[in-house]
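Asks: Give me the fold of what follows.
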Amino acid sequence: MNLPVILIVVGAVMAFAVLAILLGGPSEGKAKSRRLAMVKDRHAASTEAVVAAQMRKTIQSAGRSGDSSLISLLPRRDELEKRIRRTGKGWTLTQYMFASMGLFVIATGAMLIVRAPFPMAALVGLLVGLGLPYMVVGMAIRKRVTQFNARFPDAIDLLVRGLRSGLPVTETFQVVSQELPGPVGEEFKGVVERIRIGNTMEAALQESAEMLGTPEFQFFCITIQIQRETGGNLAETLANLSDVLRKRAQMKLKIRAMSSEAKASAYIVGALPFFVFGVVWTVNPSYLAGFFVEQRLIVAGIGGLIWMSIGAGIMAKMVNFEI
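Replies: Okay, the predicted model is just below:
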């Protein structure tokens, strides 16, 4: 067994050990805070504090939408478990860790097979091992949230019809969970189950809102909480909310169509340097080998990556619009 293979195996074992230490046990402080918050919500005398907290979380979630993805990649157990649960799949954190390790070993070994320098192979393996599972989970979350938002106005219309026919709110939730398939039915089924085991409606809705992380469901929760506090015609309020959500979805589609050309240009400009580097490396590896050996070229390469990252971030901000 040659030295590069030994280094790959040792690196994989060390990475697994570090992840096991970092993710090995839940945070007692965070668990205690969650239990106290659940008890407080369950025994609250009024919903004013819940509504205020819901509004603050809605505003903060909009501010956090532009945070760097590098912060989201930190190996924190609670955050990773929450991201995996938001996919709606049966994946576990252990499977996520082993998938990352396997991709790291495969990518590094493939780069060494094509006679790439070990630093380059290790860097590519690290990027693939950390980035690909994160991207897959993110794509699954976005797909589920998109499916939820597409059917959520229909769920609200069904709630409105049930309320106008005289059914209580909890019964209309049950009807939605049975009639609508997919993420909408799953989330409302979870709300009904949490209410049955003794949680308040506000706490049950709040848990689903934190899991989904979408402004649409946040608006729905705020509407329910305000109506339960102040009274009024809930069916009419939800009908107006359904109309607003449909118009919001139409506006998003218009913005996506108008910005599609700019996004395509940004993707091409951002991927072109890496594509050219890969083509030149395939044709003449010795021409670019100095970027992994000579100190000045290494510094220049790192500086170029930093500036390209800054440019990609600026282009991403320019082509992304939030309403």
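
Asks: what comes up buried for stretch 267-281?
Replies: Within stretch 267-281, the residues scored as buried using 16 or more other Cβ atoms under 10 Å are residue 281. The C-beta positions use only the backbone N, C-alpha and C, and glycine is treated the same way.

Asks: Which residues does that stretch contact?
Replies: The contact list for stretch 267-281 (Cβ atoms under 8 Å, 6 or more residues apart in numbering) reads 116, 287-288, 304, 308, 311-312, 315.

Asks: looking at the protein, which helix or strand does the model trust least?
Replies: helix 69-72 (a mean of 41; mean pLDDT, DSSP states H and E).

Asks: Let me have whichever helix or strand comes after that helix in CSV, keeping just the CA atoms, if that works.
Replies: Later in the chain than helix 69-72, the nearest helix or strand by DSSP states H and E is helix 77-86. The C-alpha trace of helix 77-86 is given here as CSV (Å, rounded to 0.1, in the frame of the first residue of the first chain):
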residue,chain,number,x,y,z
ARG,A,77,-25.5,18.6,15.9
ASP,A,78,-28.7,20.4,16.5
GLU,A,79,-28.6,22.4,13.3
LEU,A,80,-27.6,19.4,11.2
GLU,A,81,-30.4,17.3,12.7
LYS,A,82,-32.9,20.1,12.1
ARG,A,83,-31.8,20.4,8.4
ILE,A,84,-32.1,16.7,7.9
ARG,A,85,-35.6,16.6,9.4
ARG,A,86,-36.7,19.5,7.2
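
Asks: could you say what helices and strands helix 77-86 packs with?
Replies: helix 93-113, helix 118-164, helix 201-212 (3 or more Cβ pairs under 8 Å, 6 or more residues apart in numbering; DSSP states H and E).

Asks: picking up where we left off before, from the contacts of stretch 267-281, list the buried ones, please.
Replies: 116, 288, 315.

Asks: Once you drop chain neighbours, what's closest to the last one?
Replies: In space, not counting the residues next to it along the chain, residue 315 is nearest to residue 266; the distance is 4.1 Å by Cβ to Cβ, 6 or more residues apart in numbering.

Asks: Count the residues that sit near the one you found.
Replies: 19 (other Cβ atoms under 10 Å).

Asks: ok, now how distant is it from residue 254?
Replies: 19 Å (Cβ to Cβ, to the nearest Å).

Asks: again, but for residue 192
Replies: Residue 192 sits 35 Å away from residue 254, going by Cβ to Cβ.

Asks: check which helix or strand covers the residue nearest to residue 318 when sequence neighbours are not counted.
Replies: Leaving out its chain neighbours, the residue that sits closest to residue 318 by Cβ to Cβ, 6+ apart is residue 262, at 7.1 Å. Take DSSP H and E as the rule and residue 262 turns out to sit in helix 234-283.

Asks: That helix: what's the following helix or strand?
Replies: helix 285-288.

Asks: Report the distance from that following helix to the chain centre.
Replies: Relative to its chain's centre, helix 285-288 lies at 39 Å (Cα atoms, centre = their mean, to the nearest Å).

Asks: what comes up buried for stretch 98-115?
Replies: 99-101, 103-105, 107-108, 111-112.

Asks: just stretch 305-321 next, same as before
Replies: The neighbour-count check on stretch 305-321 (16+ other Cβ under 10 Å) flags 315, 319 as buried.

Asks: so how far is that stretch from its chain's centroid?
Replies: 20 Å.

Asks: From here on, call the first residue 16.
Replies: Fine by me, first position is 16 from now on; the one you just mentioned is stretch 320-336.
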